[in-house]
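**Student:** Got a sequence here, can you model it:
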Amino acid sequence: MTTLEQGQTAKIIRPTARFMLGHPAHFLAQGFGSGLSPIMPGTSGTLFAWLAFDVLTSRWPQLFTAFNWSIIIIVGYFIGCWACQVTGRNMGISDHGSMVWDEIIAFWLVLIFIMPADFSTQCWAFVWFRFFDMVKPPPIRWFDQHIKGGFGVMWDDIVAAFYTLLLFALWRVI
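**Tutor:** Below is the predicted model:
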């Protein structure tokens, strides 16, 4: 049992395909199934983001431009706040590891700023983003611990994306 931020007590739901397909918010929050990975679901969600970005951008470059990706990311962020709020409430834990839409949106944000980039640079972006998302250096950890609900789920990954982009900006200057 866990206590939700509204003071309600609920049993934590184990993430399953059935649960994910039971509500559109669950399907989105769990990254179209990428968050159901039994090991490192956040990494699986980030890999899904990378693959989706690469496939969509290379297959339909006239549609998936940096400008259109920016719109997708902004809209996806706000829809993600709702989806993660609903999914967290229904799972009984506000930021369950299977909820990876936050990683997807945040890594897309990283990719639109570093692209075009060679495969090695993209790999480093992936590694650094995952590092910042998992280690949660200040203020990411503070946001993760103090800002709850869908906004909190989404926000700490945006800050991890910012750290990743800051590192790349410093690397380019040096």
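
**Student:** From the centroid of the chain, which residue is nearest?
**Tutor:** Nearest to the mean C-alpha position of the chain, by CA atoms, centre = their mean, lies E103 at 1.6 Å.

**Student:** which ones are touching it?
**Tutor:** By CB atoms under 8 Å, 6 or more residues apart in numbering, the residues touching E103 are G31, G42, G45, T46, A49, D133, D157. For glycine as for every other residue, the C-beta is placed from the backbone atoms N, C-alpha and C.

**Student:** Over to A83?
**Tutor:** With contact taken as CB under 8 Å, 6+ apart, A83 is in contact with P24, A25, H26, L28, A29, W101, G150.

**Student:** rerun at 10 Å
**Tutor:** 23-30, 76, 99, 101-102, 150, 153-154 (CB atoms under 10 Å, 6 or more residues apart in numbering).

**Student:** Name the member of these with the most neighbours.
**Tutor:** A29 (33 neighbours; other CB atoms under 10 Å).

**Student:** Quick check: that residue touching S94?
**Tutor:** No - using CB atoms under 10 Å, A29 makes no contact with S94, being 11.5 Å away.

**Student:** Spit out the residues that contact the two alike.
**Tutor:** C84, Q85, T87, G88, G150, V153.

**Student:** possible to save these as a markdown table with pLDDT?
**Tutor:** Formatted as a markdown table, those follow (pLDDT from 0 to 100):
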| residue | pLDDT |
| --- | --- |
| C84 | 97 |
| Q85 | 97 |
| T87 | 97 |
| G88 | 95 |
| G150 | 95 |
| V153 | 95 |
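
**Student:** got the residue ranges for the helices in the protein?
**Tutor:** Taking DSSP state H as the test, the helices found in the chain are 17-21, 24-29, 41-59, 66-91, 101-114, 119-135, 140-146, 149-173.

**Student:** Out of the ones you listed, which is closest to K11?
**Tutor:** Between K11 and the helices of the chain, the tightest spacing by CB to CB is seen for helix 66-91, at 9.5 Å.

**Student:** and the residue lying closest to V100 once chain neighbours are set aside, what does it touch?
**Tutor:** Counting by CB to CB, 6 or more residues apart in numbering, G45 is the residue found nearest to V100 once chain neighbours are left out, at 2.6 Å. By CB under 10 Å, 6+ apart, the residues touching G45 are 30-37, 97-107, 133, 157.

**Student:** From P116, how far out is M134?
**Tutor:** Computed as CB to CB, to the nearest Å, the M134 to P116 distance reads 27 Å.

**Student:** next one: E103
**Tutor:** Distance of E103 to P116, given as CB to CB: 22 Å.

**Student:** With that, I have no additional questions.
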